[in-house]
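# Fold the following.
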Amino acid sequence: MTVIQQVSVNRMKIIMFLPLLLLVCSVSADQTETAGHQSCPQDFHAALRELTASLAVQNERITVLQTENQELEAKLESQKTEINQLKQLSEVTQVAFSASLLDQGEGDTGPFNDHTTLVFKHVVTNIGNAYNKNTGIFTAPVRGAYHFDWKVLGRDSTHTGAYLFRNEEIIFLAYESQSSGWPSASNGASLLLEVGDQVTVRLWAGSRTYDNENHQTTFSGHLIFTM
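Residues are numbered from 1 along each chain as shown. Just a heads-up that it's a prediction; the model follows:
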C-alpha cells in the first residue's frame with residue numbers, strides 16, 4: 001500500500017468514526033439526562049474539533065504527497081525520454097559505407113558536358129543507411145566530422161577526374177592526365193557536416209571513368225566523431 005493510500009484509509013476511518021461518536025454520545029446523554037449531566041455535548045464538540053483538525057492535517061499531507069508523486073512521475077518520464085534519445089543517438093553514430101561504381105559487368109561512364117554525380121551502385125557496406133545507392137548521395141544523419149575517400153579509373157583515355165562536393169560546394173578534386181593508357185586518380189577529405197548535408201562524387205566534365213568486376217572506381221566514407 002502506498003503512503004497516499006494509507007493516508008486516505010486513515011481519513012476514511014476518521015470519517016466513519018463520526019457516526020459512532022454521535023451514537024455513543026446520544027446513548028450517554030439518555031442515560032445521564034436525569035442526573036443533569038451535560039458533559040457529552042462538550043465532549044462531542046471537543047472530539048469534533050480534534051477530528052476536524054486531524055482531517056485538515058490528513059488532507060494537507062495527501063496534497064503534498066500527490067504533488068510529490070506527480071513530480072516523481074514527470075522525472076521518470078523525462079528520464080525515459082533521455083534514455084530513448086541516447087539510444088537513438090547511439091544508433092546514428094554508427095555510420096560507414098563503401099561502394100563501387102558498377103553493380104555488375106564492366107563499362108565506361110561519361111563523358112558528360114557538366115560535372116555529373118556518379119552513382120555507386122555496388123554497395124558492400126552501408127551502416128546507418130546514410131548512403132543512397134539509387135542517387136549516389138550521402139546524407140549526414142548527425143552533426144559531426146566525417147572522412148571520405150574516392151577513386152576513379154580511366155580506360156584508353158588521356159585524363160580522368162572527379163570532384164568531392166559538399167552540397168553544391170566543391171571540396172577537392174582527384175585528377176590524372178597522361179598521354180595514353182589507364183589514368184587513375186584518388187583523394188580524401190575530412191569534413192564537418194551538419195544534419196542533412198549531402199556529399200557526392202561528381203565526374204569531371206568531359207572525362208570518363210571505368211569500372212568492372214574488380215571494382216576499381218570507388219567511394220567510401222565514415223563518421224569519425226559527433227560534435
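# ok, residue 136 - contacts?
Residue 136 sits next to 117-120, 200-201, 219 when contact means C-beta atoms under 8 Å, 6 or more residues apart in numbering. Glycine gets a C-beta too; all of them are placed from N, C-alpha and C.
# between the residues you listed, which is nearest residue 207?
residue 118 (11.3 Å; C-beta to C-beta).
# Which is the succeeding secondary structure element to the lengthiest helix in the chain?
Secondary structure of the chain read by DSSP state H shows that its longest helix is helix 39-92. Once helix 39-92 ends, the next helix or strand along the chain (criterion: DSSP states H and E) is strand 96-100.
# Now find how far off-centre the longest helix of the chain is within its chain.
Mean-position distance between helix 39-92 and its chain equals 32 Å (C-alpha atoms, centre = their mean, to the nearest Å).
# what helices or strands is it leaning on?
Here helix 39-92 touches helix 3-32, going by 3 or more C-beta pairs under 8 Å, 6 or more residues apart in numbering; DSSP states H and E.
# Give me the mean pLDDT for the helix or strand where residue 146 lies.
Assigned by DSSP H and E, residue 146 belongs to strand 144-153. Strand 144-153 carries an average pLDDT of 98.
# Compute the inter-axis angle for the next helix or strand after that strand and strand 144-153.
Next helix or strand after strand 144-153 toward the C-terminus (DSSP H and E): strand 159-166. Angle between the axes of strand 159-166 and strand 144-153 is 160 degrees (criterion: axes from the mean of the first three to the mean of the last three C-alpha atoms, to 10 degrees).
# Output the contacts of residue 136 in TSV, with secondary structure appended to each entry.
Formatted as TSV, the contacts of residue 136 follow (DSSP: H, G, I helix; E, B strand; the rest coil):
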residue	secondary structure
117	strand
118	coil
119	coil
120	coil
200	strand
201	strand
219	strand
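# Tell me the most packed of these, by neighbour count.
Neighbour counts for the contacts of residue 136 (other C-beta atoms under 10 Å) peak at residue 201, which has 29 neighbours.
# who's it bridged to?
Counting by DSSP bridges, residue 201 forms beta bridges with residue 164.
# do the same with residue 223
Beta bridges link residue 223 to residue 146, judged by DSSP bridges.
# Could you report the distance from it to residue 58?
Distance of residue 223 to residue 58, given as C-beta to C-beta, to the nearest Å: 58 Å.
# ditto for residue 144
Separation of residue 144 from residue 58 (C-beta to C-beta) stands at 56 Å.
# now swap in residue 208 and tell me
Computed as C-beta to C-beta, the residue 208 to residue 58 distance reads 87 Å.
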